[in-house]
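**Q** Give me a model of this one.
(4 chains, ligands or ions: 4)
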Amino acid sequence: MTYLESLRRALHTILADDPRALLLGEDILDPYGGAFKVTQGLSTRFPDRVFTTPISEAAIVGVSVGLALRGWRPIAEIMFGDFVTLAADQLINHAAKYAAMYNGQVRVPLVVRTPMGGGRGYGPTHSQSLERLFFGIPHLTVLAPAHVHDAGALLLAAAAAEGPVLFVENKLLYPQPLLLGAGAGVLRRSERVDAYGYPVVRLANYAAREQPDVTIAAYGGMSRLLVEVLARLAAEEVRVLAVLPTCISPLDEAPLAAAAGESGRLLLVEESQAAFGWGAEVAARLLAAPVGAPGAQLRLARLGAQPTVIPAARELEDAVLVTAAAVEEALLALLRI
Amino acid sequence: MTYLESLRRALHTILADDPRALLLGEDILDPYGGAFKVTQGLSTRFPDRVFTTPISEAAIVGVSVGLALRGWRPIAEIMFGDFVTLAADQLINHAAKYAAMYNGQVRVPLVVRTPMGGGRGYGPTHSQSLERLFFGIPHLTVLAPAHVHDAGALLLAAAAAEGPVLFVENKLLYPQPLLLGAGAGVLRRSERVDAYGYPVVRLANYAAREQPDVTIAAYGGMSRLLVEVLARLAAEEVRVLAVLPTCISPLDEAPLAAAAGESGRLLLVEESQAAFGWGAEVAARLLAAPVGAPGAQLRLARLGAQPTVIPAARELEDAVLVTAAAVEEALLALLRI
Amino acid sequence: MTDTLEHSFYAQMTLIRQTEQAFFDLYSRGLMAGTVHTSIGQEACAVGVVAALDKQRDVIFSSHRAHGHYLAYCDDVEGLVAELLGRHTGVVGGIGGTQHLHKHNLYTNGIQGGIVPNAVGAALAEKLAGSGAIVTVFVGDGTLGQGVVYESMNLAALWALPLLFVLEDNRYAQSTPSRLEHAGRLADRPRAFGIATLDLSGADAAAQEPQQALGVDEIYTAACTAVAHVRTHTAPFFLALRTYRLAPHSKGDDVRDPAELAAAWAGDPLARLAQQLAPAVCAALDAAAARRVQAAIDAALAAPPQLINAFAQRAGWSPWQPL
Amino acid sequence: MTDTLEHSFYAQMTLIRQTEQAFFDLYSRGLMAGTVHTSIGQEACAVGVVAALDKQRDVIFSSHRAHGHYLAYCDDVEGLVAELLGRHTGVVGGIGGTQHLHKHNLYTNGIQGGIVPNAVGAALAEKLAGSGAIVTVFVGDGTLGQGVVYESMNLAALWALPLLFVLEDNRYAQSTPSRLEHAGRLADRPRAFGIATLDLSGADAAAQEPQQALGVDEIYTAACTAVAHVRTHTAPFFLALRTYRLAPHSKGDDVRDPAELAAAWAGDPLARLAQQLAPAVCAALDAAAARRVQAAIDAALAAPPQLINAFAQRAGWSPWQPL
Ligand SMILES: Cc1ncc(C[n+]2csc(CCOP(=O)(O)OP(=O)(O)O)c2C)c(N)n1
Ligand SMILES: Cc1ncc(C[n+]2csc(CCOP(=O)(O)OP(=O)(O)O)c2C)c(N)n1
Ligand SMILES: [Mg+2]
Ligand SMILES: [Mg+2]
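**A** Numbering: from 1, shown residues only, chains lettered A, B, ... in the order given. Ligands and ions are numbered 1, 2, ... in the order given. Modelled structure (predicted):
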């Protein structure tokens, strides 16, 4: 099953199981079924609960907030993650505010799904990873499945959450088969949950009795690169432990710290620019550990996109975004220090 | 001269010196002169270049972008920083994109001024420090004067910049007298510039021949607390070095690293929640230094708001936001580890 | 208009007036902090519209100038006063304050325009639930500057939602007269989206001479028509009301022409309503309201200090552990 | 309509048509990546409107479906083809790609609606400069879903800016027919803001039966009126044009009724224009366009690889140093 199929099935399950669940978004009706086809089949099966909308991202989220306040469980789709800027006010000043500012007397159980990421040559306004805007916003959860997670199960969890969730999908992962179960190809896969109850997956390219040489942490679309790099480095007998959380904000650093501690070296990779990104918070938490504690000994590096627009031309896009080659190079560099 | 007067004078200078400079914003005409009075006198003196606008934050910034693209130098005011969410799309997908995505063939010299910060009992939607949304956005500069900087001079620099600038003012600083010159009360003040040419101020509460026990880094409205805490701790003979940059993003960590290195202990304070904030990036850069380098030995802590809404009630607001007492406590705790 | 109704209107309007006047007083005595936006002069809009609603099931959204809507809706002067005084006995525990109120089916938020799509969502919620309830959203003339208001009008009309837009057109946004904010006639905007509209705003945006604010009886009658339309047709309606803000935008920040203000005070809808009633009745209602407001203030001021712990727990952080 | 004008229109329209058809071909041959939105069927809007402008000084904003506007404005097929092929010889060096074009006074961006306030700003810029130039912004029917478009209409009217809105009403936004997106008649919206409007969209949003796309001569005539209004009165104008997109929204994603599509092809404005001209003339113009397109493709494909260094330098990072 692909990442996309898993998400689509989850939407079917959610709407089938919960009569209060609703879908809203642009072009989500059949036969089109959404720009990336994640909502296919749903309007046919649940015609009264799937709403195609005008091109009004602020209102899509704003209407969903109103529905959630009044007892429904809306799931909104923003066609491209780049357009969440238009819904930033509704997410930050409305969805994330009501429960706390009304002293806990209301809930806003809302999921905003959106695909982020580049690599498809869509150019500067259709390729970004703008979930970063919402990191650390109180009372807003940012979830992002990679293809080593049960993406659909995570969406079910998002839909069951009490508060608003920004659910970040990845365009290049849509066609990827999920890598689940104990054996994900040549890689050993294991799963645990973080303090918030969301899954964290570990992938190892070495035997169970061995120790990793280096650890790499990433989320979302970066899993595509990690799986490739781990497989390649296995051949070169570089033992790599990858750790992939699904709850990006708020951050539980413990599973990442544990994985990093096993090798003493951590590479943090993210698709957006590294500066002020996810890895910054992970690094700050892990490294600010008391001197003498294992964290303080960590050798750590970060990798992200170049700090500019994401070009449309393929070669330029590759030069700006993180590639598997860049990940491998950064890992090997980290091993040398 | 107060922080507010300094900013107001700078606006007068900008409009007087550059016939292409324009002002746009809500309620900025005389006699009102803006909700916080920063634009007072300008519409009287430059009636053709000061535009009061409808309550249309997206268009205020969007129109400014168009003006900047076509050769003018607009300075837009967003009445409360909380409303920049409404202009996020124009800032991120328009202002910050055009120059790079058109291959350097245009410029967007635009300043968006806005007051951030709490402490006035304005409640959850009028007290935030949302500049964090724009940290790390390529080609967008975030500047924030504290009252130990020449706020007006910084605004002049922002207006002279080639690309878009988010200029973050602070509500509680408006009435504060600027602390400039070598002696800022009991504190020794010195100034240098960062790699981007923007000022970084150092304040010391000890004699020139002494070394600090601890370093504290912060920006914007936090300067109010720092000045208070440094003065108080001087009495207790705790030597504190404070370092306050004005260019918040992109970040040049060198002046902060140097100041931190002098004491080996660094407290990072910001008004917003610390998680995924400014201090995270500072910490990540300073601590990820190669093991053995001075940075790696740093004892570091962060302090920010509690991760929830900013309540209206004074006591609750104090409990959520950073106070001078909390800064002092965190400094003393850092001295003990 | 029955006698009882007019008494009730007067009772509500004087309660709102006195509550908000008390807020100014509390500020000047240093007992209140933050900001406040009073609806002094606009009470008739709140009272006349809310009287036409079914308070058991209907839903209300409002924004920064909502005390009147709040009191007309739930009469909870105690919860409101305590909220503005920052007490944990406030309706939202002192967290929201003046701009962020919630009780039963009433919700306010201080971001201009942002509540409007929320109200659309609430209207869709009621329509889907088949509850028969309708949603009312109060907006000011200045708030029509926000783009999301038009996204919302479009959706409300497109999806035939039971949503009543009430425009309180007081001809100013903060310090700025409407003619510097808006082109065209405001009521033409909902019409362009196919929304049935009743324009009692009395003038287009460019008109200069002040006009009299509508009285509560006119507003009530219009609101009954509007509500009936929304409920019967399950379709949106836009009711534009001419009103005037007699007090400053918030506190002391008034730059309007004193002559204009004086003329508006001379047409104060509360005073006009008083002239229709027996002086003794008014005096009794005024006194009753005054007693309630004073009692609410006394109770709030006597309330124990903030329960930081309880708030922290609900908000998900611990007040005793630094981040 | 003079002969020369019609020849020129045909020459431009066939150039646009053939350029965009070549794009589909280049995609299917794997030579192009990313996405593309062609204006096949809508060329008349671009050509007819731009012909009414003063290309020396006027300013144009457009969005995702802008190849036609681009070619009608600057005839730079070479820069456009190279841009879509991701070559550094592209008009913006391969960085922007199909949705993010800029040459002289033309600007496009792929965020629906976001360019509209930028166009308002540009119109204010020209008005302040006293240049006599006007600004034209092309929007699709779907784009009227964006709130900022209304903020922009209000400002353009309020400040009397020389801004021409051109609505290319092709009755669809991506896969969604206009009647599922919009309430009321689109042209009533600018009117509500007091913007002079010429509605040639032919129908309100709810109408079902397909109508014929406007021909280039009708569009040109209307655009001349519109442009004259904007330039003479220094005031905005809204021109609503009935058109039809004959190709998919982007590539292969067409779910429209084949019968509707066939009927639309039968009314193809390019073919209709051809019927007014001598076949030999058309054939010669077609052939000339084909040669130019092929030459542009050949040149682009032969262009040296991307100049990453140059881009990196301009963008402020070094391709040789990791962050
Ligand atoms: C998005 C946003 N922009 C600006 C403000 C600041 N502000 C608060 S009230 C107000 C004026 C509102 O005018 P109007 O809608 O006419 O309501 P009135 O105050 O007249 O009742 C402004 C500009 C805000 N709260 N939200
Ligand atoms: C803000 C935003 N939302 C959604 C999209 C995705 N999108 C691109 S084109 C389009 C349809 C636009 O329809 P219309 O304005 O009618 O133009 P047409 O494609 O018919 O020319 C959509 C939804 C976008 N680019 N920007
Ligand atoms: Mg008003
Ligand atoms: Mg269309």
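
**Q** Helix or strand next in line after the helix or strand containing residue C:238, which one?
**A** Per DSSP states H and E, residue C:238 falls inside strand C:237-242. Heading C-terminal from strand C:237-242, the first helix or strand you meet, by DSSP H and E, is helix C:258-266.

**Q** Enumerate every residue touching the residue in the stretch 101-250 of chain C positioned nearest to ligand 2.
**A** Across the stretch 101-250 of chain C, the shortest distance to ligand 2 (C-beta to the nearest ligand atom) belongs to residue C:151, at 11.4 Å. For every residue, glycine as well, the C-beta is placed using N, CA and C. Applying C-beta atoms under 8 Å, 6 or more residues apart in numbering or on different chains, we find residue C:151 in contact with A:54, A:56, A:58, A:59, A:62, C:117, D:145, D:146, D:147.

**Q** Which element, helix or strand, includes the residue lying closest to the third one once chain neighbours are set aside?
**A** The spatial neighbour of residue A:58 that comes closest, neighbours along the chain excluded (C-beta to C-beta, 6 or more residues apart in numbering or on different chains), is residue C:148 at 4.6 Å. Secondary-structure element containing residue C:148, defined by DSSP H and E: helix C:147-158.

**Q** now check that helix, is it near ligand 1?
**A** No: against ligand 1, helix C:147-158 shows no contacts by C-beta under 6 Å from any ligand atom, the least distance being 9.4 Å.

**Q** now stretch C:45-56
**A** No: remark: stretch C:45-56 sits outside contact range of ligand 1, by C-beta under 6 Å from any ligand atom, the gap being at least 9.8 Å.

**Q** Of all the residues in that stretch, which ones are buried?
**A** Applying a neighbour-count criterion of 16 or more other C-beta atoms under 10 Å in any protein chain shown, the buried positions in stretch C:45-56 are C:45, C:46, C:47, C:48, C:49, C:50, C:51, C:52, C:53.

**Q** what's the answer for stretch C:304-314, then?
**A** Going by neighbour count (16+ other C-beta under 10 Å), the buried part of stretch C:304-314 is C:306, C:307, C:308, C:311, C:312, C:314.

**Q** Can you list the neighbours in contact with it?
**A** Stretch C:304-314 is contacted by residues A:100, A:103-104, B:306, B:308, B:311, B:313, B:315-316, B:319, C:86-88, C:93-95, C:318-319 when judged by C-beta under 8 Å, 6+ apart.

**Q** at 10 Å instead, please
**A** A:99-100, A:103-105, B:306, B:308-309, B:311, B:313-320, C:86-90, C:93-95, C:317-321 (C-beta atoms under 10 Å, 6 or more residues apart in numbering or on different chains).

**Q** which ones are touching the closest residue to chain B within the stretch 51-200 of chain A?
**A** Ranking the residues of the stretch 51-200 of chain A by distance to chain B (C-beta to the nearest C-beta) places residue A:136 first, at 3.2 Å. With C-beta under 10 Å, 6+ apart as the criterion, the residues that contact residue A:136 are A:142, A:249-251, A:281, B:132-133, B:272-277, B:280, B:304, B:307.

**Q** So which of the residues you listed would count as near chain C as well?
**A** A:250, B:273, B:274, B:275, B:304, B:307 (C-beta under 10 Å from any C-beta of the partner chain).

**Q** wait, doesn't the fourth one sit right on residue A:140?
**A** Right, residue B:275. No: applying C-beta atoms under 10 Å as the test, residue B:275 and residue A:140 come out as separate, 11.8 Å apart.

**Q** Between those two, which contacts overlap?
**A** A:249, A:250.

**Q** Quickly check: stretch C:106-121 near chain B or not.
**A** Yes: residues of stretch C:106-121 contacting chain B under C-beta under 10 Å from any C-beta: C:109, C:110, C:111, C:112, C:113, C:114.

**Q** number of nearby residues for the residue of chain A found nearest ligand 1?
**A** Closest approach of chain A to ligand 1 (C-beta to the nearest ligand atom) occurs at residue A:89, with a separation of 7.7 Å. One way to gauge burial is a neighbour count; for residue A:89, by other C-beta atoms under 10 Å in any protein chain shown, it gives 29.

**Q** Having no further points to raise, I will conclude here.
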